[in-house]
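Student: no letters, just coordinates:
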């Protein structure tokens, strides 16, 4: 337990010493909330939640986007780069249990995700009058925990599939950003949105994370506002991520693999 | 309690290629054992099997009477690893990294003591990312020793050191052995093996081609080498040379005698030449170095393999 706590603290320290990560996971989503409400105004319009203010639409979506960035993109890139530097290999040679180390990485990312979500919600309430009700806070918390866990598992899967940083960064961005456009995060879906885009969004977890969190903040929904079927989809994705990670995760730096492969090509089999 | 490291008939295949081919050796506590060989000879593969980073194909490998392939945290608590390929979180400072990794061990060396030992006092609060290559190798060393290990694996520990740092690195390794730790060292520097190792195994193409103390290995080539050439009219190897104790090899006019008694043999040779009345051209007596032995051992093996792979495996 103490080892886990030490691993979380060290990962947090690393996060705060990586300004680019801190900017993209924490500052960037908040900047988007400020920009969107400035560009589109804060008037009421028809959304998936019913007729609500634009800030009421954007705040939960961008909060969830911050959480997904911190867990999925953050864990994926962090582990890929730590593997590339041979740090994961070092850890495997120490008495630190591998699961504790990975647990530290995940919990640190979830902690940063929580900071991002709280900052977004506080800004939404304070600056734009976004609705938060005590009776629905449990639904917000549970949705956050399930969604973050799901995206953390997908982050582990990303680090397992993308073996290098050069692969992890574009893979993370090329998956999360397009999804944000079809998941009611960056743009509200109206009645004229093509059905196939709607379907596509429904397959992936981001939309369910965002809408479950948004319902828990929606002034028109009834408490406790749990979206159980969406949480169910998130749990399925959690399982998918965990299975891929368990199957493919490697502690060995990719260069070693290349060197071994080169040796394999140049070293003859004994006659 | 067996030896600190015991390897027997160890085999590692990568696909169809046998990277380690029936290697056996033991390392006792308080002993520095060096695996010497060119790149691709299988040194790192053997060490990584012993560290638990890789699984073996066949044979046995025991470190502290434990099979590393199935060992857990309690095994890793007792070993120290200094690898070339393992990095350190660049965001942390020297002190933070030693604190963090050190906290995982049950018998940890105090951070300040280690920082002093590897002479990083002035860099204790500098980020790892700002350290020079040599300084990074020193904190590597500190992290390998932070758990007060019984067995230390050192993978080319002084690569990238300047000569003075290298000397100090050697002193550190000597101190480890004097503290009754077993040290398994890989290196391709002969002087390093000769200086540090109690015993050396020379590896080529996944096999041990020679093993012994540096002195024994040197003696394999005899303590001296007598070389000379005879005139055309003289039969280079005749009965008159029979009393010579060393091995005689004649190639045309050229003769090489490998011997442990160079004085007596030289007297025989010069007596023979004086009796027949000719001069020995280019007569020399030399002492072979460990390098001569090593190069001949490795070259033999590479030549054997050259027909198979064009001889460019040593990259």
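Tutor: Received the coordinates, thanks. Treat the numbers as computed from the prediction; the structure is a model and nothing was measured.

Student: burial measure for residue A:198, as a count.
Tutor: A count of neighbours around residue A:198, defined by other Cβ atoms under 10 Å in any protein chain shown, yields 13. The way it works is simple: take the backbone N, C-alpha and C, and place the C-beta from them, glycine included.

Student: in contact with the nearest residue to it once chain neighbours are set aside, which residues?
Tutor: For residue A:198, the nearest residue in space outside its immediate sequence neighbours is residue A:189; the separation is 6.7 Å by Cβ to Cβ, 6 or more residues apart in numbering or on different chains. Applying Cβ atoms under 8 Å, 6 or more residues apart in numbering or on different chains, we find residue A:189 in contact with A:48, A:182, A:197, A:198, A:201.

Student: can you list the residues of the stretch 151-300 of chain B near chain A?
Tutor: For the stretch 151-300 of chain B, the residues in contact with chain A (Cβ under 8 Å from any Cβ of the partner chain) are B:205, B:206.

Student: what about the stretch 151-300 of chain B, any weak spots by pLDDT?
Tutor: Of all residues in the stretch 151-300 of chain B, those with pLDDT under 70 make up the ranges B:221-223, B:236-240, B:289, B:299-300.

Student: on the three-state scheme, the closest residue to residue B:76 other than its chain neighbours is what?
Tutor: When the adjacent residues along the chain are set aside, residue B:76 lies closest to residue A:95, with 4.5 Å between them (Cβ to Cβ, 6+ apart). Here residue A:95 takes the coil state, with states given by DSSP: H, G, I helix; E, B strand; the rest coil.

Student: ok, residue A:95 - contacts?
Tutor: Under the contact definition (Cβ under 8 Å, 6+ apart), the residues listed for residue A:95 are B:73, B:74, B:76, B:77, B:104, B:105, B:106, B:147.

Student: got the residues you listed as CSV, with distance to residue A:168 and secondary structure columns?
Tutor: Conversion of those to CSV gives the following (distance: Cβ to Cβ, whole Å; DSSP: H, G, I helix; E, B strand; the rest coil):
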residue, distance to residue A:168, secondary structure
B:73, 28, helix
B:74, 33, helix
B:76, 27, helix
B:77, 32, coil
B:104, 26, coil
B:105, 31, coil
B:106, 35, coil
B:147, 31, coil
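
Student: of those residues, closest to residue B:51?
Tutor: Closest approach to residue B:51 among those (Cβ to Cβ): residue B:76, at 8.7 Å.

Student: sorry, back to before: okay if I get the contacts of residue A:189 as CSV plus pLDDT, distance to residue B:60 and secondary structure?
Tutor: What follows is these, written out as CSV (pLDDT from 0 to 100; distance: Cβ to Cβ, whole Å; DSSP: H, G, I helix; E, B strand; the rest coil):
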residue, pLDDT, distance to residue B:60, secondary structure
A:48, 86, 64, coil
A:182, 89, 57, coil
A:197, 87, 60, helix
A:198, 86, 61, helix
A:201, 89, 56, helix
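
Student: just the buried residues of these.
Tutor: When burial is judged by neighbour count using 16 or more other Cβ atoms under 10 Å in any protein chain shown, the buried members of these are A:48, A:182, A:201.

Student: which of the residues you listed are close to chain B?
Tutor: When Cβ under 8 Å from any Cβ is taken as the criterion, no member of the buried ones among the contacts of residue A:189 contacts chain B.

Student: what lies in contact with stretch A:132-144?
Tutor: Counting contacts by Cβ under 8 Å, 6+ apart, the residues outside stretch A:132-144 that touch it are A:67, A:113-114, A:117, A:121, A:125, A:209, A:212-213, A:215-217, A:219, A:221, A:223-227, A:230-231.

Student: kindly report the same for stretch B:185-194.
Tutor: Residues from elsewhere that reach stretch B:185-194 (Cβ under 8 Å, 6+ apart): B:32-39, B:43-44, B:47, B:154-158, B:166, B:170, B:173, B:196-197, B:200, B:214, B:290-291, B:294.

Student: buried ones among those?
Tutor: Neighbour counting over these (16+ other Cβ under 10 Å) leaves B:32-38, B:43-44, B:47, B:154-158, B:166, B:170, B:173, B:196-197, B:200, B:214, B:290, B:294 as the buried ones.

Student: filter those residues down to just the ones in helices.
Tutor: Of those, the ones assigned to helices by DSSP state H are B:43, B:44, B:47, B:166, B:170, B:173, B:196, B:214, B:290, B:294.

Student: now name the helix or strand holding residue B:282.
Tutor: Counting by DSSP states H and E, the element that carries residue B:282 is strand B:281-286.

Student: for chain A, what's the longest helix?
Tutor: Secondary structure of chain A per DSSP H: the longest helix is helix A:98-128.

Student: give me the packing partners of that one, helices and strands only.
Tutor: Packing contacts for helix A:98-128, counted by 3 or more Cβ pairs under 8 Å, 6 or more residues apart in numbering or on different chains; DSSP states H and E, involve helix A:2-16, helix A:28-40, helix A:54-68, helix A:74-84, helix A:87-92, helix A:137-161.

Student: give me the pLDDT for the residue nearest to residue B:76.
Tutor: Per-residue confidence at residue A:95 stands at 94 (pLDDT).

Student: how close does it sit to residue B:146?
Tutor: When distances are taken as Cβ to Cβ, to the nearest Å, residue A:95 and residue B:146 turn out to be 11 Å apart.

Student: report the set of residues contacting both of those two.
Tutor: With Cβ under 8 Å, 6+ apart, residue A:95 and residue B:146 have common neighbours residue B:105.

Student: once you drop chain neighbours, what's closest to the spatially most central residue of chain A?
Tutor: What sits nearest the mean C-alpha location of chain A, by Cα atoms, centre = their mean, is residue A:68, with 1.8 Å. Counting by Cβ to Cβ, 6+ apart, residue A:151 is the residue found nearest to residue A:68 once chain neighbours are left out, at 4.7 Å.

Student: so what's the one you found scoring on pLDDT?
Tutor: Reported pLDDT for residue A:151: 97.

Student: isn't it up against residue A:72?
Tutor: Yes. Checked against Cβ atoms under 8 Å, the pair residue A:151 and residue A:72 is within contact range at 4.2 Å.

Student: these two: which is more packed in?
Tutor: Between residue A:151 and residue A:72, counting by other Cβ under 10 Å, residue A:151 is the more crowded of the two (33 against 29).

Student: list the contacts for the nearest residue to residue B:34 once chain neighbours are set aside?
Tutor: Nearest in space to residue B:34, with sequence neighbours left out and distances taken as Cβ to Cβ, 6+ apart, is residue B:197 at 3.6 Å. Neighbour list for residue B:197: B:32, B:33, B:34, B:185, B:214 [criterion: Cβ under 8 Å, 6+ apart].

Student: where does the stretch 1-150 of chain B have low pLDDT?
Tutor: Residue ranges of the stretch 1-150 of chain B with pLDDT under 70: none are present.

Student: all the strands of it, residue numbers only.
Tutor: With DSSP state E, counting those that start in this stretch applied, the stretch 1-150 of chain B shows strands at B:5-14, B:17-27, B:32-36, B:58-63, B:79-82, listed in chain order.

Student: now these as TSV including distance to residue A:167?
Tutor: Below are the strands of the stretch 1-150 of chain B laid out as TSV (distance: least, Cβ to Cβ, whole Å):
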stretch	distance to residue A:167
strand B:5-14	24
strand B:17-27	27
strand B:32-36	34
strand B:58-63	34
strand B:79-82	28
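
Student: nearest to residue B:234, of the ones you listed?
Tutor: For residue B:234, the closest of the strands of the stretch 1-150 of chain B is strand B:32-36, at 40.9 Å, according to Cβ to Cβ.

Student: elements contacting that closest one?
Tutor: helix B:43-51, helix B:163-178, strand B:182-187, helix B:190-196, strand B:199-204.

Student: ok, the residue most central in space within chain B to chain A distance?
Tutor: If you average the C-alpha coordinates of chain B and look for the closest C-alpha using Cα atoms, centre = their mean, you land on residue B:36, 2.9 Å from that point. Residue B:36 sits 18 Å away from chain A when distances are taken as Cβ to the nearest Cβ, to the nearest Å.
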